[in-house]
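Visitor: 3D, please:
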Amino acid sequence: MENNAERAPVIPSCGVSQQGERLETGSRGTGTGTGETVEEMIAREQRALNDDQAASLRASIGFFASQEEDVIERLRACPQYDSRQLDLDPELVGKLRELALRPSLLGSFMGDPRVMQAVVSLQGMAMDITSQDMDLAEQEGHARSAPAVTVEERQLAQAACSNAAEAKEAGNSLFKAGELRRALACYLLAVEMAPSELELPASFVPVVYGNIAQVYIKLKKYNKAEEACTEAIRTAPQEMNMTKIYFRRSLAREGQRRLEAALEDIRAAGVAAAQAVDDEVMRIKTTGGMLAKRQPFAQASVKFLQTEVTRLDAELQRLDALLDKARQAEISKKTERDQERPIEALRASGQLLSDVKLKNNQCKSSEGPTLPYSPGVIEEKDWSFWMGQRLASVLEGSSHWIADGGSIKILRLEKDASDIHASVKTKGGRRALYYDLDLHLTWEGVTKPTNSSITSSTEWNRTMGVLRLYNIGQDTQYYPGGDPGSSYMYSLGFDQRASGIWMEMIKDEAHELFHVASRHIADTIVELQRK
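Guide: Numbering: from 1, shown residues only. Got it, this is the predicted structure:
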């Protein structure tokens with residue numbers, strides 16, 4: 001049914017004009033009235049449409065067709081925007097400049113709260129973002145290098161600390177109080193201030209980097225923690241004890257699941273701790289006479305370092321075991337994948353049987369007349385009915401005997417409840433067997449009563465139950481305790497009204513029916529393979 005609502009004009013997408021006349025593409029001025037070919041006219045209209053959309057999008061986000069060089073300046077001029085974060089965040093500056101040139105990227109940048117705050121500010125409004133907003137954006141990959149501290153946290157650090165040493169001590173206090181981000185702001189400020197303060201010891205900067213790494217580990221920003229540790233190693237003087245730095249980098253690498261690299265660092269931490277013990281012992285020996293009063297403290301220091309060596313050795317063993325477990329898991333996955341390939345092949349191609357003997361394009365069937373057969377054409381013969389009949393004949397009456405003279409016997413195959421499919425497909429002179437069985441069986445359990453005076457079998461204890469065998473196909477096997485995806489499965493049902501010692505005996509023995517039935521099923525499959 002035609003819609004009578006007013007429609008916007010449609011640009012023709014093929015060589016037919018809106019009036020219905022045929023247009024010759026490639027010849028100028030034919031049918032278009034513009035002196036252009038149809039392709040050129042469509043391209044021009046599309047460019048104009050794209051330009052309009054771009055201009056509209058620029059306006060909607062507050063850029064108003066601004067150029068790359070003045071986007072940042074416009075943002076700095078916004079009274080509701082704290083432009084100091086532009087100096088701290090080069091990634092944000094890069095995104096904003098790219099967005100000024102290509103406004104269509106706004107959709108892909110909307111997950112970054114920093115970008116949205118800038119866009120809202122350019123529209124004359126204000127928007128607050130929290131550290132939780134940034135954490136979520138970083139986890140989702142929208143802000144991969146977002147600053148770990150906010151402008152406000154940096155301002156607090158600058159107001160409280162006048163030099164690098166004060167910033168470091170303030171960071172230590174805040175870290176102990178659990179104010180991790182404020183502590184991080186102080187540590188970062190200390191690193192920035194340190195180069196201009198020549199009186200600081202050579203180990204000051206690498207120690208602060210170690211503290212920065214510790215904060216990042218607490219915040220679970222393991223890649224940043226690793227970067228801080230690596231910078232500490234790079235700037236550390238030769239005589240500095242690097243035990244903590246290597247240990248923290250091992251934690252950072254473990255957090256990134258880089259276990260082999262973590263293991264290397266924990267070994268390096270152990271070596272550093274052992275060297276620190278030797279150095280401290282040597283220092284005590286060389287200064288023993290002059291520092292007799294400090295001897296107890298020096299010995300305590302050695303004992304502490306020896307404890308660290310022991311702890312790091314235990315950590316090494318833990319990481320080594322974790323790495324070995326990861327390797328074993330990978331081997332198991334590979335083995336499982338290797339085992340699954342032939343199973344998938346069986347699902348797809350069936351169980352190959354002996355080659356069909358072809359004579360004069362005839363396929364000989366043992367259960368019927370000779371059928372015409374053409375190589376390349378798939379012939380499928382359904383054996384489901386035969387399989388059902390044969391399984392009923394071999395399963396019904398099969399028993400498992402109990403030690404007291406009783407038995408558990410399969411009474412019947414419930415064909416209506418069972419699902420039995422079996423077929424043989426022939427193609428290219430090769431035969432493949434496909435089967436899928438889900439069998440429901442009724443069984444009876446009989447045990448001899450404890451009263452020895454009873455001799456008639458009609459007075460014995462009796463109960464009924466059900467047995468279901470499933471997941472039986474050309475891609476599974478009889479393998480008790482095997483993987484559920486590639487092994488026969490079964491379940492048992494009992495009469496809940498029956499109880500007593502005799503019933504517990506039947507419950508224990510009834511599981512043997514699975515093995516009895518599985519053997520008969522295997523024999524039946526072999527019999528079908530020979531047909």
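Visitor: Which strand residues bridge residue 470?
Guide: Legend: beta-bridge partners of residue 470 under DSSP bridges are residue 489.
Visitor: and it, how many residues sit next to it?
Guide: If you count neighbours by other Cβ atoms under 10 Å, residue 470 ends up with 17. In short, each C-beta sits where N, CA and C put it, glycine included.
Visitor: what's it in contact with, if anything?
Guide: Counting by Cβ atoms under 8 Å, 6 or more residues apart in numbering, residue 470 touches 437, 438, 439, 488, 489, 490.
Visitor: Switch these over to a markdown table; also include pLDDT.
Guide: Output for those, formatted as a markdown table (pLDDT from 0 to 100):
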| residue | pLDDT |
| --- | --- |
| 437 | 94 |
| 438 | 94 |
| 439 | 95 |
| 488 | 90 |
| 489 | 90 |
| 490 | 91 |
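Visitor: Just the buried residues of those residues.
Guide: Among those, those scoring as buried are 437, 438, 439, 488, 490 (criterion: 16 or more other Cβ atoms under 10 Å).
Visitor: This structure: strands as residue ranges?
Guide: Assigned by DSSP state E, the chain shows strands spanning 351-352, 358-359, 362-363, 371-372, 379-382, 399-401, 407-413, 419-427, 430-447, 461-473, 489-494.
Visitor: out of the contacts of residue 470, who's nearest residue 120?
Guide: Using Cβ to Cβ, residue 489 comes nearest to residue 120 of the contacts of residue 470, at 59.0 Å.
Visitor: thought the closest one was touching residue 471?
Guide: Yes - taking Cβ atoms under 8 Å as the definition, residue 489 is a contact partner of residue 471 at 4.3 Å.
Visitor: Now list whatever residues contact both of the two.
Guide: With Cβ under 8 Å, 6+ apart, residue 489 and residue 471 have no common neighbours.
Visitor: out of the contacts of residue 470, who's nearest residue 149?
Guide: Using Cβ to Cβ, the contacts of residue 470 come closest to residue 149 at residue 489, 56.8 Å.
Visitor: and that closest one, what does it touch?
Guide: Taking Cβ under 8 Å, 6+ apart, we find residue 489 in contact with 469, 470, 471.
Visitor: what number of residues lie near residue 156?
Guide: Here the count is done by other Cβ under 10 Å, and residue 156 has 19 residues near it.
Visitor: What is the burial count for the closest residue to it other than its chain neighbours?
Guide: Leaving out its chain neighbours, the residue that sits closest to residue 156 by Cβ to Cβ, 6 or more residues apart in numbering is residue 182, at 6.4 Å. Look at residue 182: counted by other Cβ under 10 Å, it has 24 neighbours.
Visitor: Relative to residue 193, how far out is residue 182?
Guide: Note on residue 182: its distance to residue 193, by Cβ to Cβ, to the nearest Å, is 17 Å.
Visitor: again, but for residue 397
Guide: 92 Å.
Visitor: what does residue 407 give?
Guide: As judged by Cβ to Cβ, residue 407 and residue 193 stand 90 Å apart.
Visitor: repeat for residue 406
Guide: Counting by Cβ to Cβ, the separation of residue 406 from residue 193 is 90 Å.
Visitor: Same check on residue 383?
Guide: 85 Å.
Visitor: sorry, back to before: just the closest of the contacts of residue 470 to residue 189, please.
Guide: Comparing these against residue 189 with Cβ to Cβ places residue 489 closest, at 64.5 Å.
Visitor: helices and strands of this protein: which one has the lowest mean pLDDT?
Guide: For the chain, counting by mean pLDDT, DSSP states H and E, strand 358-359 ranks last in confidence among helices and strands (a mean of 38).
Visitor: buried sites along stretch 231-238?
Guide: For stretch 231-238, by 16+ other Cβ under 10 Å, it's 231, 232, 233, 235, 236.
Visitor: one step back: name the residue in residue 397 and residue 193 with the higher neighbour count.
Guide: Between residue 397 and residue 193, counted using other Cβ under 10 Å, the more crowded position is residue 193 (19 against 10).
Visitor: Ignoring the adjacent residues along the chain, who's closest to that one?
Guide: Per Cβ to Cβ, 6+ apart, closest to residue 193 is residue 164, 3.9 Å.
Visitor: The one you found against residue 194, yeah?
Guide: Yes - look at residue 164 against residue 194 with Cβ under 8 Å: they come within range, at 4.5 Å.
Visitor: ok so, going back, among the buried residues of stretch 231-238, which are in helices?
Guide: Of those, the ones assigned to helices by DSSP state H are 231, 232, 233, 235.
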